[in-house]
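Undergrad: here's my sequence, what's the structure:
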Amino acid sequence: MSTKRTFSYVIVGAGSAGCTLAYRLTEDASATVLLLEAGGWDRDPWIHIPLGWGRILQKRLHDWMYFAEPSATMNGRRIECARGKVVGGSSAINAMAYYHGHRSDYDRWAGNELPEWSYVNVLPYFRRAESWEGGANAYRGNDGPLTTRLTTFQDPLCEAFLAAGREAGYPFTEDYNGADQEGFARIQMTLRHGRRCSTAVAFLRPAMQRRNFKVETGAHVTKIVMDGSRAVGVEYRRGGETAVVNVEREVILAGGAINSPQLLMLSGIGDPDQLKSHGIEPRIARRGVGKNLLDHTSAAITFRRKERGPFARNMRLDRVVWALGQAYFLGSGFASDLPFGITAFVKTRLEEPVPDVQLLFWMGATNSASPYLPPFKQAFADSFSCRAMPMRPTSRGFVSLRSADPLQPVSIHQNFLATDEEWRVMRDGLRMIRDLVRQPALAPFAAGEVTPGANRTSDAELEAHVRASMGTVHHPVGTCAMGASSNEMAVVDGALRVIGAEGLRVVDASVMPDLIAGATNAPVIMIAEKASDAILGRPPLPPASV
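TA: Numbers count the residues shown, from 1 in each chain. Predicted structure coming up:
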């Protein structure tokens with residue numbers, strides 16, 4: 001065992017929250033900060049080339065390789081649960097889409113005894129984190145570390161989708177992260193100069209210029225070292241050796257909704273009955289650890305394309321090789337963006353108070369879309385698709401220990417689409433997609449439905465399609481949920497301190513009590529920004545006046 005060292009703060013996990021925390025906590029020159037990451041450095045060019053996201057996801061690169069347990073609601077399938085295992089975490093392997101969520105999401109949190117998490121209280125932290133290409137206003141920031149901008153992907157199908165949305169009677173919104181989320185919109189992304197702007201790029205690299213900061217990669221944290229109820233350090237494995245590091249102020253878990261509850265349980269914090277079943281002596285009883293797992297799901301309808309679009313044309317081998325180099329070295333060209341272009345936040349019923357489904361448009365072929373070079377390899381058939389994503393699922397799963405071995409992954413139980421209301425929103429969303437593609441604006445592009453097939457229209461047929469094809473949108477949250485100290489299922493309080501412990505916080509997606517409307521990367525960064533002020537004893541930013 002190596003010699004012990006001491007830091008003011010130890011952050012476990014260099015993902016979106018960990019990188020953001022590192023940037024903010026090292027602003028205090030009197031503090032020393034150690035960031036431990038189980039994965040490696042983000043040197044792989046595929047991470048930085050936006051088009052490389054498809055390869056990263058398909059090949060499960062820089063990933064913990066998690067799969068959920070067989071899902072009873074999804075024909076017994078084991079659905080993948082990709083989580084980033086690399087500096088930058090999931091922000092280094094995600095699709096780079098940028099969403100704040102809906103105002104009502106945070107006001108709902110505030111209404112559950114978390115007043116400091118209302119929309120007007122979190123908006124200033126979204127603004128502080130970002131540099132939005134549209135400039136600063138009441139809703140957007142323009143001097144933060146994270147670069148955000150509109151997609152630049154060029155395809156006439158993008159404009160046709162916007163036109164079809166208007167023809168179908170839907171509104172258009174200039175900025176879904178602004179005053180009004182509802183409507184069709186151009187997607188916003190975390191891109192900088194044609195390359196991925198992960199939290200490692202935006203927050204970690206600048207923090208590394210400070211002398212009070214140290215990063216160790218390949219460091220798998222196995223236990224929080226406790227003295228009674230106080231966290232005093234962490235134990236981790238690196239290069240085949242075990243090391244212990246002491247902490248003077250706080251241990252901060254930022255491992256995400258799968259890894260953070262695992263580490264708490266391994267350290268004796270969780271449901272006492274479950275801990276004892278694995279031979280772990282309970283230290284702090286918090287029955288909510290690992291419970292309350294939520295995630296977004298989506299299912300797609302795919303359509304043949306009448307003429308080959310820009311994505312299919314540019315995937316010819318000679319063109320795509322050139323484009324990858326152009327994106328990596330120059331930050332320009334076809335590979336410097338993704339064929340998303342458009343999204344929509346819409347209501348499945350007029351009486352809904354807020355949008356309840358998100359439509360996600362993909363302008364490129366979804367099956368066998370690999371590089372081709374005739375006559376050696378023929379081009380794939382071109383298509384486009386749209387996914388329906390119910391935005392506020394109520395089905396909850398859980399994660400649990402398989403054993404007391406910290407190198408064994410947890411068991412992930414995703415209780416996908418377990419309520420009638422979630423099924424209704426999913427079916428209605430799929431029918432909205434079909435109605436949209438029947439609009440005149442899309443007539444020049446759509447040549448018929450590929451999956452599930454235009455003749456499959458009944459509730460049962462749509463549900464069968466979903467059960468066979470649905471996937472996660474990679475937004476797991478909730479397994480260390482924040483709440484009032486009197487709530488026996490809450491794991492952390494409103495300041496993200498582990499209830500019943502001292503010197504220990506959780507700062508990542510696991511603290512969300514429920515899901516927001518959209519991707520979770522931007523909210524996790526916001527959570528870390530807000531937590532950093534609490535950790536450093538700084539007053540919170542003044543509430544927004546919106």
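Undergrad: what ranges do the helices span in the stretch 1-150 of the chain?
TA: For the stretch 1-150 of the chain, applying DSSP state H, counting those that start in this stretch gives helices covering 16-25, 45-48, 53-59, 103-110, 119-129.
Undergrad: so where's this protein uncertain?
TA: By pLDDT under 70, the low-scoring segments of the chain are 1-3, 366-368.
Undergrad: now do the buried residues in the longest helix belonging to it.
TA: Longest helix of the chain, by residue count under DSSP state H: helix 420-437. Buried residues in helix 420-437, defined by neighbour count with 16 or more other CB atoms under 10 Å: 422-423, 425-433, 436-437. Any C-beta I mention is one placed from the backbone N, CA and C, and that applies to glycine too.
Undergrad: what sits against residue 147?
TA: Going by CB atoms under 8 Å, 6 or more residues apart in numbering, residue 147 touches 130-131, 133, 190-192, 197, 202.
Undergrad: now it: closest residue in space that isn't a chain neighbour?
TA: For residue 147, ignoring the flanking residues on the chain, the nearest one in space by CB to CB, 6 or more residues apart in numbering is residue 192 at 3.9 Å.
Undergrad: ok, now residue 152?
TA: Spatial nearest neighbour of residue 152, excluding adjacent residues (CB to CB, 6+ apart): residue 337 at 5.2 Å.
Undergrad: and for the one you found, the neighbour number?
TA: The tally of other residues near residue 337 (other CB atoms under 10 Å) stands at 23.
Undergrad: go on, residue 410?
TA: So residue 410, with other CB under 10 Å, has 20 neighbours.
Undergrad: state the distance from it to residue 535.
TA: Note on residue 410: its distance to residue 535, by CB to CB, to the nearest Å, is 27 Å.
Undergrad: tally up the residues packed near residue 231, please.
TA: Residue 231 has 24 neighbours, counted by other CB under 10 Å.
Undergrad: that one should be in a strand, yeah?
TA: Yes - under DSSP: H, G, I helix; E, B strand; the rest coil, residue 231 sits within a strand.
Undergrad: hang on, it packs against residue 223?
TA: No - contact criterion CB atoms under 8 Å: residue 231 and residue 223 do not qualify, at 10.5 Å.
Undergrad: I figured residue 33 hits residue 212, correct?
TA: Yes - the criterion here is CB under 8 Å, and residue 33 meets it with residue 212 at 6.3 Å.
Undergrad: more neighbours: those two, which one.
TA: Neighbours around residue 33 and residue 212, counted as other CB under 10 Å, are more numerous at residue 33. The numbers are 24 against 17.
Undergrad: so who does the residue nearest to residue 152 touch?
TA: Contact analysis of residue 337 by CB under 8 Å, 6+ apart lists 50-51, 151-153, 189, 191, 194.
Undergrad: restricted to buried residues, select those residues in PyMOL.
TA: Buried residues among those (16+ other CB under 10 Å), as a PyMOL selection:
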select buried, resi 50+51+151+153+189+191+194
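Undergrad: same list (the contacts of residue 337) but as CSV, adding distance to residue 302.
TA: Below are those laid out as CSV (distance: CB to CB, whole Å):
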residue, distance to residue 302
50, 22
51, 20
151, 21
152, 24
153, 19
189, 23
191, 26
194, 28
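Undergrad: looking at the contacts of residue 337, which are in helices?
TA: Going by DSSP H, the helices hold none of those.
Undergrad: for the contacts of residue 337, which one is nearest residue 453?
TA: Nearest to residue 453 among the contacts of residue 337, counting by CB to CB, is residue 153 at 28.2 Å.
Undergrad: follow-up on the earlier one: need the max-distance pair from the buried residues of helix 420-437.
TA: Spatially, the most separated pair among those is 422 and 437, at 23.4 Å (CB to CB).
Undergrad: helices of the stretch 401-546 of the chain, residue ranges please.
TA: For the stretch 401-546 of the chain, applying DSSP H, counting those that start in this stretch gives helices covering 420-437, 459-469, 521-536.
Undergrad: just send those back as TSV, with distance to residue 484 too.
TA: As requested, these are arranged in TSV below (distance: least, CB to CB, whole Å):
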stretch	distance to residue 484
helix 420-437	26
helix 459-469	36
helix 521-536	16
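Undergrad: which stretch among those helices comes nearest residue 96?
TA: Once these are compared by CB to CB, helix 521-536 is nearest, at 8.4 Å.
Undergrad: tell me which strands and helices the closest one is in contact with?
TA: Packing contacts for helix 521-536, counted by 3 or more CB pairs under 8 Å, 6 or more residues apart in numbering; DSSP states H and E, involve helix 16-25, helix 119-129, strand 241-253.
Undergrad: which of these is buried the deepest?
TA: Of all the helices and strands packed on helix 521-536, helix 16-25 carries the top mean neighbour count, a mean of 30, counting by mean count of other CB atoms under 10 Å.
Undergrad: extract the C-alpha set from that one and format it as PDB.
TA: C-alpha atoms of helix 16-25 as PDB (Å, rounded to 0.1, in the frame of the first residue of the first chain):
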ATOM      1  CA  SER A  16     -19.500  16.300 -16.400                       C
ATOM      2  CA  ALA A  17     -19.900  17.000 -12.700                       C
ATOM      3  CA  GLY A  18     -16.300  16.100 -11.700                       C
ATOM      4  CA  CYS A  19     -14.700  18.300 -14.300                       C
ATOM      5  CA  THR A  20     -17.000  21.200 -13.500                       C
ATOM      6  CA  LEU A  21     -16.300  20.900  -9.800                       C
ATOM      7  CA  ALA A  22     -12.500  20.700 -10.400                       C
ATOM      8  CA  TYR A  23     -12.700  24.000 -12.300                       C
ATOM      9  CA  ARG A  24     -14.600  25.800  -9.600                       C
ATOM     10  CA  LEU A  25     -13.000  24.300  -6.500                       C
END
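Undergrad: tell me which other helices or strands it touches.
TA: Using 3+ CB pairs under 8 Å, 6+ apart: helix 16-25 touches strand 5-12, strand 33-36, helix 199, helix 205-207, helix 521-536.
Undergrad: coming back round to it: nearest to residue 353, out of the helices and strands packed on helix 521-536?
TA: Ranking the helices and strands packed on helix 521-536 by proximity to residue 353 (CB to CB) places helix 119-129 first, at 14.7 Å.
Undergrad: which residues touch the closest one?
TA: Contact with helix 119-129 is made by 20, 100, 103-107, 110, 115, 136, 139-141, 144-146, 177, 522, 525-526, 529-530, 540-546, as judged by CB under 8 Å, 6+ apart.
Undergrad: quick check: buried residues in stretch 400-417?
TA: Buried residues in stretch 400-417, counted by 16+ other CB under 10 Å: 400-401, 406, 409-410, 412-417.
Undergrad: dump the residue contacts of the residue lying closest to residue 469 once chain neighbours are set aside.
TA: For residue 469, ignoring the flanking residues on the chain, the nearest one in space by CB to CB, 6+ apart is residue 299 at 5.9 Å. Residues near residue 299 by CB under 8 Å, 6+ apart: 387-388, 426, 430, 465-466, 469-471.
Undergrad: residue 299 bridge partners, please.
TA: residue 388 (DSSP bridges).
Undergrad: give me the distance between the closest residue to residue 315 other than its chain neighbours and residue 302.
TA: Closest residue to residue 315 apart from its sequence neighbours, by CB to CB, 6+ apart: residue 371 at 5.5 Å. Note on residue 371: its distance to residue 302, by CB to CB, is 20 Å.
Undergrad: then residue 523?
TA: Per CB to CB, residue 523 is found 30 Å from residue 302.
Undergrad: between those two, tell me which one has more neighbours.
TA: Neighbour count, other CB under 10 Å: between residue 523 and residue 302, residue 523 has more, with 25 against 20.
Undergrad: might one say that that one is in contact with residue 516?
TA: Yes - using CB under 8 Å, residue 523 makes contact with residue 516 at a distance of 5.5 Å.
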